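J.: prediction below, plus the sequence it came from.
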Amino acid sequence: MVAAFGDAPRPGGPSARERVAKRPATEHPRVVELRREVNPRAPPPLPDKSRMFVIKSFSEDDVHKSVKYGIWASTDQGNRRLDKAYRETNGAAPVYLFFSVNGSGYFVGMAQMVSPVDYNSNSTVWAQVRRSR
């Protein structure tokens, strides 16, 4: 049996139907409208040859910075794979990025690539990861 879009339970979290049951009896009309627009009952059809990647981040703060500054970064290998996927589609199909924080079990954002990877660009907005020895 396959769960309907949005109905599959997430690790450690309730299913979509359980979350609906816990909502307050009255909600702001704009919240109801956005829920219909942003979280449809069924996903929209994807264009043929569209590509999707999961981008893992060390902190949710980095994902918010991506949104704020309109940039993102990956590992060297990840950047090469994303760049190759974008160039192979040649603008004919979208390349989607789904953002998740390591260990969270959740997706925290989504974006569509609108240009190839810029290997000459640098940024200082990302959190520094300290690895213990």
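T.: Received, thanks.
J.: who's in contact with the nearest residue to Glu60 once chain neighbours are set aside?
T.: Distances taken as C-beta to C-beta, 6 or more residues apart in numbering put Val101 closest to Glu60, at 4.9 Å, once the chain neighbours are dropped. For glycine as for every other residue, the C-beta is placed from the backbone atoms N, C-alpha and C. Going by C-beta atoms under 8 Å, 6 or more residues apart in numbering, Val101 touches Lys56, Ser57, Phe58, Ser59, Glu60, Val63, Val108.
J.: most neighbours among these, which one is it?
T.: Counting neighbours by other C-beta atoms under 10 Å, the top entry in these is Ser57, with 23 neighbours.
J.: mind showing which ranges of this protein have poor pLDDT?
T.: For the chain, the stretches flagged by pLDDT under 70 are 1-25, 39-40, 43-44, 126-133.
J.: helices of that one, start to end?
T.: Applying DSSP state H to the chain gives helices spanning 16-21, 29-38, 60-69, 76-89.
J.: and those: which comes nearest Val95?
T.: Nearest to Val95, of all the helices of the chain, is helix 76-89, at 5.0 Å by C-beta to C-beta.
J.: give the other helices and strands that the closest one contacts.
T.: Secondary-structure packing of helix 76-89 (3 or more C-beta pairs under 8 Å, 6 or more residues apart in numbering; DSSP states H and E): strand 51-57, strand 95-101.
J.: of those strands, which stretch is the most buried?
T.: strand 95-101 (a mean of 18; mean count of other C-beta atoms under 10 Å).
J.: strand partners of it, parallel vs antiparallel please.
T.: Strand 95-101 has its sheet partners listed here by DSSP bridges as strand 51-57 (parallel), strand 107-112 (antiparallel).
J.: residues in contact with the last one?
T.: Just to be clear, that refers to strand 107-112. The contact list for strand 107-112 (C-beta under 8 Å, 6+ apart) reads 54, 60, 63, 66-67, 72, 94-101.
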